[in-house]
Every structure is written in C-alpha cells, then in structure tokens.
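**Q** With the sequence up front, the predicted model follows.
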Amino acid sequence: MALTNEEAELIRDSFRVVSQIKRQAANRFYQNLFEAEPGLRNLFINDMDQQGALLMSKLGLVVAEIQNLDALVPMLEDLALRHVAYGVKPEDYDLVGEALVQMLSDLIGDDFSQEARDAWAKAYDELATRMISSAYSHRKASTN
C-alpha cells in the first residue's frame with residue numbers, strides 16, 4: 001500500500017483533531033467497539049483510561065510514520081503477537097477498523113470527509129493485514 005501525499009495529509013489532519021481530545025477519542029473508540037461486539041470487553045483487563053492512553057499513543061506513532069510503515073514493522077509485529085496472547089482473533093481486526101473510523105466520524109463530524117474516511121480505511125487495512133499475517137503466520141510456525 002502506498003498512500004498518496006494527499007491521503008497521508010488527510011490522516012494527519014484528522015488525527016490532529018482527535019489528538020486534542022485523546023481521552024474522549026479513546027472512550028468513543030471503545031464505546032463503538034463494545035457496542036459492535038460486547039464480547040470483546042472481556043479481553044480488556046487493564047484500567048480503560050490507561051488502555052485508552054496506550055491506544056492513542058500507538059495511533060500517534062502510526063500516524064507519524066504513515067508513509068513509512070516499514071519503520072513500524074517491529075512495533076506492529078510485537079503488538080500483533082501480544083494481541084494474540086490476549087485472545088484477539090483475525091476477524092476482530094475488522095471490528096477495530098470500523099470502530100476507529102466511526103470514532104473519527106463521531107468526533108470530527110461533517111469535517112471528516114469521505115476522502116479522509118477512505119484514507120483511514122486504506123491505511124488501517126494495510127496495518128491490519130500486516131499484523132494478522134505476522135501474528136498468525138508466526139503462531140502457526142511455532143505450533144508446528
């Protein structure tokens with residue numbers, strides 16, 4: 001996946017908005033996620049404020065390197081393996097992507113354009129694909 005400069009800028013601009021209200025953004029993300037799949041709430045045993053801060057921090061790192069995802073591979077692989085250990089399944093990634101885009105839409109409102117929505121979906125799809133591939137191919141290799 002190669003994001004265009006315009007797509008990357010749309011992602012950065014929209015993240016700037018929600019990064020000003022990190023706690024609210026994280027709360028909305030998890031609200032959206034748990035409404036879509038209440039069973040996922042059981043995967044979160046830590047304090048949700050702390051979890052939200054971690055979410056926004058990792059998201060900030062991704063946005064900062066959005067046009068250089070190869071630089072994020074070690075972090076993404078580590079994160080993906082930890083998610084497997086927590087009980088995350090490959091199909092859960094779609095729900096996370098939907099909750100993320102919905103959070104952005106909820107908080108940015110009419111200023112969250114279709115182009116920005118599409119850019120986020122494109123970037124998330126690439127990240128999720130890499131994480132799933134890394135985590136689950138690693139897991140298969142380690143069980144053989």
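**A** Nice, thanks for sending it over.
**Q** Around A135, how many other residues sit close by?
**A** 23 (other Cβ atoms under 10 Å). Just so you know, the C-beta spots here come from the backbone N, C-alpha and C atoms, and that holds for glycine as well.
**Q** do the same with A116
**A** 21.
**Q** ditto for A85
**A** Counted with other Cβ under 10 Å, A85 comes out at 9.
**Q** What distance do you get for it to L43?
**A** 10 Å (Cβ to Cβ, to the nearest Å).
**Q** which SS class is L3?
**A** Following DSSP: H, G, I helix; E, B strand; the rest coil, we place L3 in the coil state.
**Q** ok, it - how many residues close by?
**A** By other Cβ under 10 Å, the burial measure for L3, its neighbour count, is 17.
**Q** Next: I132.
**A** Counted with other Cβ under 10 Å, I132 comes out at 19.
**Q** give the contact list for it.
**A** 80, 90, 93 (Cβ atoms under 8 Å, 6 or more residues apart in numbering).
**Q** Enumerate every residue touching the first one.
**A** Just to be clear, that refers to A80. 130-132, 134-135 are the contacts of A80 under Cβ under 8 Å, 6+ apart.
**Q** again, but for the second one
**A** Neighbour list for P90: 132, 136 [criterion: Cβ under 8 Å, 6+ apart].
**Q** In three-state terms, label it for me.
**A** Going by three-state DSSP: P90 is coil.
**Q** Ramachandran angles for it?
**A** For P90, the backbone dihedrals (degrees, to the nearest 10) come out as phi -50, psi -40.
**Q** returning to that earlier point: out of the contacts of A80, which sit inside helices?
**A** 130-132, 134-135 (DSSP state H).
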